[in-house]
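Student: here is my input, please return the structure:
(one chain, ligands or ions: 1)
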Amino acid sequence: MRLDIISIFPEYFAPLDVSLIGKARERGTLDVRIHQLRDWTHDVHKTVDDTPYGGGPGMVMKPEVWGEAIDAVIGDGAPRMIVPTPSGRPFTQELAQELAGEPWLLFACGRYEGIDSRVMAEYATRLPVDEVSIGDYVLAGGEVAVLVMVEAIGRLLPGVLGNAQSAVDDSFAPGSMRNLVEGPVYTKPPVWRGHEVPAVLLSGHHGKVARWRRDEALRRTVRNRPELAAALDPDTLDKHDRKL
Ligand SMILES: N#Cc1c(N)n[nH]c1-c1ccc2c(Cl)cn(Cc3cccnc3)c2c1
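Tutor: So this is what the prediction gives:
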């Protein structure tokens with residue numbers, strides 16, 4: 001997968017050099033290219049923003065600069081364009097799975113009050129353009145959102161996670177974990193400061209362990225995410241689940 005990221009703060013993406021994304025880049029699984037938007041300005045101040053039409057606070061990012069940058073980065077290609085914005089569709093595990101299947105993603109990271117909307121309108125004439133939000137809170141720009149999305153997508157690519165099963169058991173993963181969060185996890189020692197690991201996990205009985213983990217996932221979902229619990233597909237719940 002090729003990932004292009006355009007931003008006025010390329011240094012925000014240093015974390016993509018480390019850990020699982022960094023290793024995927026070294027292996028060639030991920031081809032991440034980061035671009036400084038200001039490279040496509042033509043004034044001495046490298047201006048990327050201007051005052052908003054209609055008045056109001058803050059500044060808006062200029063369409064001309066973005067147009068020159070995106071044209072230079074994609075050439076005649078047609079990546080899927082992802083634009084973080086507080087007003088976007090929710091970024092979910094399901095969307096991460098979908099985007100992990102794309103050969104080429106272009107992330108447009110804005111700042112200020114946002115990118116002139118004509119940029120998205122222009123590229124929607126020739127590319128899939130998704131305006132996406134990572135959650136109901138407000139950041140100062142799109143860079144942190146792109147870091148979140150790149151990690152969520154990158155870990156789903158073949159060979160990136162050491163244990164592919166881990167992604168299957170993720171919270172929110174399609175299949176048996178859909179609309180469920182994961183239960184608690186434990187490791188050695190069996191007793192730590194008087195806290196014992198649940199005995200079932202030491203039993204070696206895989207069926208009982210699987211049952212216990214699902215029960216704990218259901219309990220934690222009901223406690224922490226009642227709206228997900230309410231959306232659980234009744235057909236995926238067995239009679240044991242329903243007693244919880
Ligand atoms: N994704 C996401 C996301 C999220 N979940 N919170 N904030 C953002 C986000 C993403 C992109 C930008 C751009 Cl471009 C500018 N800002 C600052 C801003 C602040 C208030 C109103 N409008 C824009 C962004 C905030």
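Student: tell me how far the residue of the chain found nearest the ligand lies from Arg38.
Tutor: Using C-beta to the nearest ligand atom, the single residue of the chain nearest to the ligand is Gly110, 2.3 Å away. Quick note: C-beta positions are derived from backbone N, CA and C, even for glycine. Distance of Gly110 to Arg38, given as C-beta to C-beta, to the nearest Å: 13 Å.
Student: what's the answer for Ile153, then?
Tutor: 26 Å.
Student: and the chain, which residues reach the ligand?
Tutor: Residues of the chain lying near the ligand by C-beta under 6 Å from any ligand atom: 84-86, 88, 110-111, 113-115, 133-135, 137-142, 145.
Student: how about the helices in this structure?
Tutor: Taking DSSP state H, the helices of the chain run over residues 19-27, 63-74, 93-99, 117-123, 143-154, 164-168, 206-224, 226-230, 239-243.
Student: pick the most buried one from the ones you listed.
Tutor: Neighbour counts (mean count of other C-beta atoms under 10 Å) averaged over each of the helices of the chain peak at helix 143-154, with a mean of 21.
Student: now do that one: distance to the chain's middle.
Tutor: Centroid displacement of helix 143-154 relative to its chain, using C-alpha atoms, centre = their mean, to the nearest Å, is 4 Å.
Student: swap in stretch 136-149?
Tutor: In terms of C-alpha atoms, centre = their mean, the centre of stretch 136-149 is found 10 Å from the chain centre.
Student: what does it contact?
Tutor: With contact meaning C-beta atoms under 8 Å, 6 or more residues apart in numbering, stretch 136-149 is reached by 5, 7, 9, 12-13, 15-16, 82-86, 91, 96, 99, 107-112, 132-134.
Student: try stretch 99-110
Tutor: Looking at what lies outside stretch 99-110 - C-beta under 8 Å, 6+ apart - the contacts are 1-9, 12, 61, 66, 70, 73-74, 77-85, 115, 119, 127, 141-143, 145-146, 149-150, 153-154, 156-157.
Student: quick check: Tyr123 touching Val129?
Tutor: Yes. Tyr123 lies in contact with Val129 (C-beta atoms under 8 Å); the separation is 5.5 Å.
Student: what do those two both touch?
Tutor: What both Tyr123 and Val129 touch, as defined by C-beta under 8 Å, 6+ apart, is the set Met81.
Student: still on that earlier bit, quick one: buried ones out of the contacts of stretch 136-149?
Tutor: Buried by 16 or more other C-beta atoms under 10 Å: 5, 7, 12-13, 16, 82-85, 91, 96, 99, 107-112, 132-134, out of those.
Student: filter those residues down to the ones in strands?
Tutor: If you go by DSSP state E, the buried ones among the contacts of stretch 136-149 have Ile5, Ser7, Ile82, Val83, Pro84, Thr85, Phe107, Ala108, Val132, Ser133 in strands.
Student: could you dump those into a markdown table and include pLDDT?
Tutor: Converted to a markdown table, these look like this (pLDDT from 0 to 100):
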| residue | pLDDT |
| --- | --- |
| Ile5 | 98 |
| Ser7 | 98 |
| Ile82 | 99 |
| Val83 | 98 |
| Pro84 | 98 |
| Thr85 | 98 |
| Phe107 | 98 |
| Ala108 | 98 |
| Val132 | 98 |
| Ser133 | 98 |
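Student: adding mean pLDDT, write the helices of the chain out as TSV.
Tutor: Shown next, in TSV, are the helices of the chain (pLDDT from 0 to 100):
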stretch	mean pLDDT
helix 19-27	94
helix 63-74	98
helix 93-99	97
helix 117-123	98
helix 143-154	98
helix 164-168	63
helix 206-224	97
helix 226-230	94
helix 239-243	77
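Student: so which residue is smack in the middle of this structure?
Tutor: By C-alpha atoms, centre = their mean, the chain has its centre lying nearest to Met149, at 2.3 Å.
Student: right, I'll leave it there.
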